[in-house]
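**Student:** For reference, the sequence and a predicted model appear below.
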Amino acid sequence: MKRMRNFLLRAALIFAVAALGQRLQGATAENTPQAQPSQQPSPTVASVVDREISSIEKQVLEVAEAMPEDKFNFTPESLNIPGDDYKGVRTFAVQVKHIAASNYFIWSPLTGDKVPENIKDGNGPADLKSKADIIKFLKDSFALGHKAAATLTAENMLQTPGNSKSTRLHLANFGVAHAYDHYGQMVEYLRMNGIVPPASRGKSD
């Protein structure tokens, strides 16, 4: 009888522990974000490239906005630094127009758009003088970039559009890399004028 009582006690204890474990497991599952259906769409070639374009667009536009209009024609050559080699370098305004003009040249093969007729070379339209007009030109060029990114698919990203020798994916990414190169130069132009670049504000310089 004693043996039977011990057996029943052990069985009851086992059932109680098992039931508690199931309740705890259920509670953990309910509180785990992975138990809920994901609302995030799966990334695509187009969405990944578009995110990169958005990132450099934000940084370049912030730097362009940060330079006062009366400094838009600044060039390091004007500082007359002994031993420098800044003769003939682009002004800040032309740096901005160069990024925009290059965006058109690089991304238009992906969209099929024609490069605007007023863009004759990599320095952009000569008739754009004001800060507002130059920044609008820059914004329009990045709008083309987003349009170009939207054309990318896993099936066509390695194709070469039109007469280009580069793949669609390379062209899309090269526009981003090129803009980053000149973004770095624009940051230096700001520093030379005592202006902290927007991306560095609130951080230790």
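**Tutor:** Perfect, thanks for sending it.
**Student:** Check the contact between F174 and S166; I expect there is one.
**Tutor:** Yes. The pair formed by F174 and S166 meets the contact definition of Cβ atoms under 8 Å, at 7.2 Å. In this view, the C-beta of every residue, glycine as well, is placed from N, C-alpha and C.
**Student:** Can you list the residue ranges for helices in the chain?
**Tutor:** 2-31, 45-66, 92-111, 131-150, 168-192 (DSSP state H).
**Student:** Those helices: which one's closest to N73?
**Tutor:** N73 lies closest, by Cβ to Cβ, to one member of the helices of the chain: helix 92-111, at 5.8 Å.
**Student:** For the closest one, name the packing helices and strands.
**Tutor:** Counting contacts by 3 or more Cβ pairs under 8 Å, 6 or more residues apart in numbering; DSSP states H and E, helix 92-111 is packed against helix 45-66, helix 131-150, helix 168-192.
**Student:** switch to 7 Å and redo it
**Tutor:** Applying 3 or more Cβ pairs under 7 Å, 6 or more residues apart in numbering; DSSP states H and E, we find helix 92-111 packed against helix 131-150, helix 168-192.
**Student:** by how many degrees do it and helix 131-150 diverge?
**Tutor:** 30 degrees (axes from the mean of the first three to the mean of the last three Cα atoms, to 10 degrees).
**Student:** if we can go back for a sec, quick one, which of the helices and strands packed on helix 92-111 gets closest to P161.
**Tutor:** Comparing the helices and strands packed on helix 92-111 by Cβ to Cβ, helix 168-192 comes nearest, at 5.7 Å.
**Student:** packing partners for the closest one?
**Tutor:** helix 45-66, helix 92-111, helix 131-150.
**Student:** Which residues does the first one contact?
**Tutor:** With Cβ atoms under 7 Å, 6 or more residues apart in numbering as the contact definition, helix 45-66 has outside contacts at 96, 99, 135, 138-139, 142, 145-146, 149-150, 152-154, 157, 172-173, 176, 179-180, 183, 186-187, 190, 195, 197-199.
**Student:** Mark which of those residues are buried, thanks.
**Tutor:** For the contacts of helix 45-66, a burial check counting by 16 or more other Cβ atoms under 10 Å picks out 96, 99, 135, 138, 142, 145-146, 149, 152, 157, 172-173, 176, 179, 183, 186-187, 190, 195, 197-198.
**Student:** which of the helices and strands packed on helix 168-192 is buried the deepest?
**Tutor:** Highest mean neighbour count of those: helix 92-111, a mean of 23 (counted as mean count of other Cβ atoms under 10 Å).
**Student:** what does the average pLDDT come to for that one?
**Tutor:** For helix 92-111, mean pLDDT rounds to 97.
**Student:** Alpha carbons of it, as CSV, please.
**Tutor:** Output in CSV follows, covering the C-alpha atoms of helix 92-111 (Å, rounded to 0.1, in the frame of the first residue of the first chain):
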residue,chain,number,x,y,z
PHE,A,92,31.6,73.7,-54.5
ALA,A,93,28.7,74.4,-56.9
VAL,A,94,30.4,72.4,-59.7
GLN,A,95,31.0,69.5,-57.3
VAL,A,96,27.3,69.4,-56.7
LYS,A,97,26.4,69.7,-60.4
HIS,A,98,29.0,67.1,-61.3
ILE,A,99,27.3,64.5,-59.0
ALA,A,100,23.9,65.4,-60.6
ALA,A,101,25.2,65.3,-64.2
SER,A,102,27.0,62.0,-63.5
ASN,A,103,23.8,60.5,-62.0
TYR,A,104,22.1,61.2,-65.3
PHE,A,105,24.9,59.7,-67.4
ILE,A,106,25.2,56.6,-65.1
TRP,A,107,21.5,55.8,-64.5
SER,A,108,19.7,56.8,-67.7
PRO,A,109,20.8,53.6,-69.5
LEU,A,110,18.8,51.7,-66.9
THR,A,111,15.6,53.7,-67.3
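**Student:** Perfect, I'm done here.
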